[in-house]
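Novice: Got a predicted structure plus its sequence, pasted below:
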Amino acid sequence: MTIKIVLLGGSGFVGQGILDQLAKDPQFKITSISRSGGSLQLKEKFPQVNWLKIDLQKKTPKWAEIIADQDWVVDLLGVLVAKNQQVYQQLTIKPILPLIAAIKENQSVKMLFVSAKTAPRLLKNYLVTKRETEKLLRSQLKTRAVFLYPSLIYHPQRQSTWILAQLLLFGQHLPLIGRHLTKWQPLSRQQFALEVKNVLLGGRSQLLQKEATT
C-alpha cells in the first residue's frame, strides 16, 4: 500500500527532516510544494520526490488537481518571526484557504498541521496564529484535520536552535530553574520526523496530545 503525501514547505528546515525519513521509504509517494521548488542539491538527494515550485502568496494553484488522489496534506507553512499579527495571518492562514476548500470536496484526504506546544512571550502572535489556524481547520475539516504540537525542533543544520536546545536540556537538570523549563521539551528534527511518520502510518504520537499554553 502506497501513502501519497503533499508536503507544503518540503524544502524548509523541518521539511528536509521529514524527507530524510520518508523519501526513501517505498511506502510513501511524496510531492513537495515550496516557493523555491527545491534546490538542485535537494533534488539530487531526494530524486523520488515530485518537486513543485509554487509561491502561494502570488498565485493559487489548482488544488483540486494536485490533491485528487492524495492521502495526506502536511502543512509546514508559516514563519517564526513576523512584524505583526496581520503578517502572520497573511503568511500562515491565507495561503491555505483555497487548499482547505479543495480538501473539503475530496473526502479521502486528511490534513496534518504542525502547530506548536508553546512559545515565548516575544512570539505571542506566532502562537495566536497557530491556534487560529487550528480553529479554522477544525471547523472546516472536522476529524480529517490532525494536529501535532512540538516545542523546539533542533538540528545542527540550524545552529541557533541547536544551541538553544542544548541550553534548555542542560537547564532542566538544574535545581533552581529546572522546573521552570519543563514546558520546553526540545525535539531533534529526526525524532520529530519519526513522529510524523507514525501518524501518517496510522500510529500514535506523543505530540498528538498537547498541553499548550497561550
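Specialist: Alright, I've got the coordinates.
Novice: so what's the closest residue to L42 other than its chain neighbours up against?
Specialist: Nearest non-adjacent residue to L42, counting by Cβ to Cβ, 6 or more residues apart in numbering: S11, 5.8 Å away. All C-beta atoms are positioned from the backbone trio N, CA, C, and that covers glycine. S11 makes contact with 32, 34, 36-39, 42, 51, according to Cβ atoms under 8 Å, 6 or more residues apart in numbering.
Novice: do that again at 10 Å, thanks
Specialist: The contact partners of S11, taken as Cβ atoms under 10 Å, 6 or more residues apart in numbering, are 19, 32-39, 41-43, 46, 49, 51, 53, 76.
Novice: So which of those residues belong to strands?
Specialist: Among those, the subset assigned to strands under DSSP state E consists of 32-34, 51, 53.
Novice: would a markdown table of the residues you listed with distance to N198, pLDDT and neighbour count be doable?
Specialist: Shown next, in a markdown table, are the ones in strands among the contacts of S11 (distance: Cβ to Cβ, whole Å; pLDDT from 0 to 100; neighbours: other Cβ atoms under 10 Å):
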| residue | distance to N198 | pLDDT | neighbour count |
| --- | --- | --- | --- |
| S32 | 20 | 95 | 30 |
| I33 | 23 | 92 | 26 |
| S34 | 24 | 88 | 23 |
| W51 | 25 | 95 | 19 |
| K53 | 30 | 91 | 12 |
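Novice: burial measure for the nearest residue to S115 once chain neighbours are set aside, as a count.
Specialist: Counting by Cβ to Cβ, 6+ apart, the nearest residue to S115 once its immediate chain neighbours are dropped is K130, at 4.7 Å. K130 has 25 neighbouring residues, counting by other Cβ atoms under 10 Å.
Novice: Return the residues in contact with K130.
Specialist: The contact partners of K130, taken as Cβ under 10 Å, 6+ apart, are 78, 88, 92-93, 113-117, 119, 123, 147, 149, 212, 214.
Novice: Need the three-state assignment for it.
Specialist: On the three-state scheme (DSSP: H, G, I helix; E, B strand; the rest coil), K130 is labelled helix.
Novice: ok, now how distant is it from P156?
Specialist: To P156, K130 is 26 Å away according to Cβ to Cβ, to the nearest Å.
Novice: Could you give me the buried positions within stretch 185-203?
Specialist: 185-187, 189, 191-197, 199-200 (16 or more other Cβ atoms under 10 Å).
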